[in-house]
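**Student:** would you be able to build a 3D model of this:
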Amino acid sequence: MNSVLVQGYSRLRQRLYHSFLFNRRPLNLYFTMFEEIFLSLFTESCEYFFREWEILPERELAYLSKHYDLNRVDRVVVVGAGAIPYTAISVSRKLDKPVYAIEKNVLAYLASLRLLHRLGIDRIKVVKGLGQHFRDYDNSLVIITLHTLSKQLVLERVTGSDKNNRIVVVRQPSAQNVREFESACLDGLKYEVIEHNQGVFSFVISNQSAAL
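**Tutor:** The predicted model follows:
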């Protein structure tokens, strides 16, 4: 897949997504999942996809590094990693921590394994399963991605104990979804919000002090 086709597809995708799919869940979820599985077959398209979306984890890590002590976390867990696990890849390049990429869909799971092998990345452990069933969240930086459907269940699992030293980042699309998410999932939790240019919001929830 040459660069002209990749760039043409990217422009078409942005128009389709923002004009029709952005607030239509779960339609946009299935579109993104199958899109990533298809694009993961082509290294050049993966690199273009990665460059387009890596701004999210980069801005999140910049914010966290400024306000929190990332040396106190033992691992990074990405829930809903996808067939192109760009968040896990970006984090693994910037933090010297074990990275776990959790993906429940078997096709996306297999596609991410093939892609990481093809790229020669061995610092990321891909785990097939549901985020709320993962056992090792203590002392972790947890990133719950945009299209994870079980955000509330994962949050309940991660924040269930005040004893674990954790930082949680939860991505949400659009201001309307942000308001719904705040009222449904964040009652009683302290959090900050990062707003991204793509119309995506990241909630940061932690039992660490936000002042370094």
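**Student:** and residue 182, how far is that from residue 151?
**Tutor:** Distance, residue 182 to residue 151, by C-beta to C-beta, to the nearest Å: 12 Å. Where C-beta positions appear, they are placed from N, C-alpha and C, glycine not excepted.
**Student:** list the buried residues for stretch 191-207?
**Tutor:** For stretch 191-207, burial by neighbour count (16 or more other C-beta atoms under 10 Å) applies to 191, 194, 200-206.
**Student:** what are the contacting residues of that stretch?
**Tutor:** For stretch 191-207, contacts defined as C-beta atoms under 8 Å, 6 or more residues apart in numbering pick out 18, 22, 55-56, 59-60, 63-64, 67-68, 146, 155, 159, 162, 164-175, 178, 181, 186, 189-190, 210.
**Student:** select only the buried ones of those residues in PyMOL?
**Tutor:** In PyMOL, a selection of the buried entries from these looks like this (16+ other C-beta under 10 Å):
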select buried, resi 56+59+60+64+67+68+146+155+159+165+166+167+168+169+170+171+172+173+178+181+186
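**Student:** hang on, the earlier thing: pLDDT added to the buried residues of stretch 191-207, as CSV?
**Tutor:** Output for those, formatted as CSV (pLDDT from 0 to 100):
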residue, pLDDT
191, 87
194, 89
200, 83
201, 88
202, 91
203, 91
204, 93
205, 90
206, 87
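**Student:** looking at those, which is nearest residue 105?
**Tutor:** For those, the minimum distance to residue 105 (C-beta to C-beta) is 20.9 Å, reached by residue 200.
**Student:** so the closest one bridges to which residues?
**Tutor:** residue 173 (DSSP bridges).
**Student:** mark which of the contacts of stretch 191-207 are part of strands, please.
**Tutor:** Members of those lying in strands (criterion: DSSP state E): 167-173.
**Student:** show me where the protein has its helices.
**Tutor:** 3-16, 27-39, 43-53, 55-67, 86-94, 106-119, 151-158, 175-185 (DSSP state H).
**Student:** picking up where we left off before, neighbour-wise, which of residue 182 and residue 151 wins?
**Tutor:** Between residue 182 and residue 151, residue 151 has the larger neighbour count (other C-beta atoms under 10 Å), namely 23 against 16.
**Student:** mind giving me the domain split of the protein?
**Tutor:** What automatic domain parsing lists as the domains of the chain is 3-52, 54-206.
**Student:** would you single out the least confident of those?
**Tutor:** Between the domains of the chain, the one with the least mean pLDDT is domain 3-52; it has a mean of 62.
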